[in-house]
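Trainee: Structure for this input, please:
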Amino acid sequence: MKKEVVEKVTRKAARAIRRGVSPLSQCMRIEVKDGRMTASASNYGFSIDAWESVDGEEPFVCIVNAKTFLDLVNRMNSEDITFSFSQKLKNLEVSGGHAKVNIPCLDTGLWAEHKTLNTSASYNFILNPDEIAGCIHSLKAPDTGNELMSSIYLEIGEKGHRATALDGYRISVRESLNGCSVDHRLVLNGEMVQEIIRLAGNEEITIETDEDVILARTENMCFFSSVNKQKYFNTDMFLSENTFPITVECARQELLDAINVASLIQEYVDLKTEEDGIVLSNQSTSGFRSTMKIASVVTGKGLDIRFNSRFMLESLKSIPDDMITVGFFSAVRPFYIIGDGYKEVVLPVAKRS
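Mentor: Below is the predicted model of the structure:
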């Protein structure tokens, strides 16, 4: 079969592999059957199956170390690669050009099969990954032990959805419900969502779920995870806010550039409103100081607030609008970046007296 096909399939599946103490955690399952090559890999949170059509290959199934296999195929100086699996010796012979290498395989009985979806009690919907990509910056890292904060909360309606991510310091929402009621709620593994976005691009995803299993399918991939049955955080008290006593309207890129410069010294940046704009400043204990003024439309009383520059930069980079509106209540309450289809909520940083 073609080397490019082998690499395409196996590299997609290998995106599921994470560090683990078990040798099996670093492996992938490869199966050739009925004119199709399928590669599978998994971690504690989700699994990926990827496949492509192939011609003229004898059927086999084996479990190999993913890194060894990928490195070998990459070094094969041939457009075509052939495989021969020995069940007796438990090794996979990989041939390409003048090279022939045997890779030891694990017992296929060790591989855990995917849970079966109860189709009679399932719910399914179509999702474009780009529609939720804007909020993944607010996910907490998966190694922090907070499973819910590492997940996307998805509320699905008849004509749209709302995706929410938070990490305790900010909330990011992408919404297309357009006033329709919510039919189904789902907590999606954040790492799985990020891999879907990375691998599927603009390709629509069909998501199907029952009480125990979540399947996300494209034409040549399938992502599997268990249903997270924990109750998600109540964010209504934050997300219901839509009117603010203080607002700033400005150019998104200009604000982003100014924060980039201001945060060169340290990550915390001060924002002060004036009648004709906002002033961003930053000062270090060693005497470095930066001040930048941005022309803005400001309404409401004066405000002096401090924020984490990384949180603001990530929020601004995720927004498509050229002009943005930032809403404030006070220097000690969360502030909001709001627009059509999105809402960013960021906690301020307390100033030391």
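
Trainee: in the stretch 51-200 of the chain, which spans are strands?
Mentor: 60-65, 82-86, 91-96, 99-104, 123-127, 151-157, 161-166, 170-175, 182-189 (DSSP state E, counting those that start in this stretch).

Trainee: JSON lines please, covering those and showing distance to residue 241.
Mentor: Placement of C-beta: from N, CA and C, glycine included. Output for these, formatted as JSON lines (distance: least, CB to CB, whole Å):
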{"stretch": "strand 60-65", "distance to residue 241": "51"}
{"stretch": "strand 82-86", "distance to residue 241": "59"}
{"stretch": "strand 91-96", "distance to residue 241": "58"}
{"stretch": "strand 99-104", "distance to residue 241": "57"}
{"stretch": "strand 123-127", "distance to residue 241": "27"}
{"stretch": "strand 151-157", "distance to residue 241": "18"}
{"stretch": "strand 161-166", "distance to residue 241": "15"}
{"stretch": "strand 170-175", "distance to residue 241": "11"}
{"stretch": "strand 182-189", "distance to residue 241": "19"}
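
Trainee: Include mean pLDDT when you put those strands into CSV, please.
Mentor: Formatted as CSV, these follow (pLDDT from 0 to 100):
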stretch, mean pLDDT
strand 60-65, 96
strand 82-86, 94
strand 91-96, 94
strand 99-104, 94
strand 123-127, 92
strand 151-157, 95
strand 161-166, 96
strand 170-175, 97
strand 182-189, 94
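
Trainee: Nearest to residue 288 among those strands would be which one?
Mentor: Of all the strands of the stretch 51-200 of the chain, it is strand 170-175 that lies closest to residue 288, at 26.6 Å by CB to CB.

Trainee: Tell me the strands beside the closest one, with direction?
Mentor: Note on strand 170-175: by DSSP bridges, its sheet partners are strand 161-166 (antiparallel), strand 342-346 (antiparallel).

Trainee: Let me have those strands in a markdown table, extended by mean neighbour count and distance to residue 127.
Mentor: Shown next, in a markdown table, are those (neighbours: other CB atoms under 10 Å; distance: least, CB to CB, whole Å):
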| stretch | mean neighbour count | distance to residue 127 |
| --- | --- | --- |
| strand 161-166 | 23 | 7 |
| strand 342-346 | 22 | 17 |
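
Trainee: TSV please, covering the ones you listed and showing distance to residue 207.
Mentor: Shown next, in TSV, are the strands paired with strand 170-175 (distance: least, CB to CB, whole Å):
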stretch	distance to residue 207
strand 161-166	10
strand 342-346	21
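
Trainee: and residue 51, which of those is closest to it?
Mentor: strand 161-166 (27.5 Å).

Trainee: what comes into contact with the closest one?
Mentor: The contact list for strand 161-166, computed with CB atoms under 8 Å, 6 or more residues apart in numbering, reads 125, 127, 131-132, 135-140, 149, 151-155, 171-177, 182, 190, 232-233, 235, 239.

Trainee: can you check stretch 179-195 too?
Mentor: With CB under 8 Å, 6+ apart as the criterion, stretch 179-195 contacts 15-16, 43, 45-46, 48, 123, 125, 129, 132, 136, 139-140, 142, 148, 150-160, 162, 165, 207, 209, 214, 216, 223, 225, 227-228, 230, 232.

Trainee: between the strands of the stretch 51-200 of the chain, which one is nearest to residue 256?
Mentor: The nearest among these, by CB to CB, is strand 170-175 at 16.0 Å.

Trainee: Let's see which of the contacts of stretch 179-195 end up in helices.
Mentor: Under the assignment DSSP state H, the contacts of stretch 179-195 contribute residue 132 to helices.

Trainee: Could you pick out the buried ones from the contacts of stretch 179-195?
Mentor: Among the contacts of stretch 179-195, those buried by neighbour count (16 or more other CB atoms under 10 Å) are 15-16, 43, 45-46, 48, 125, 129, 132, 136, 139-140, 142, 150-157, 160, 162, 165, 207, 209, 214, 216, 223, 225, 228, 232.
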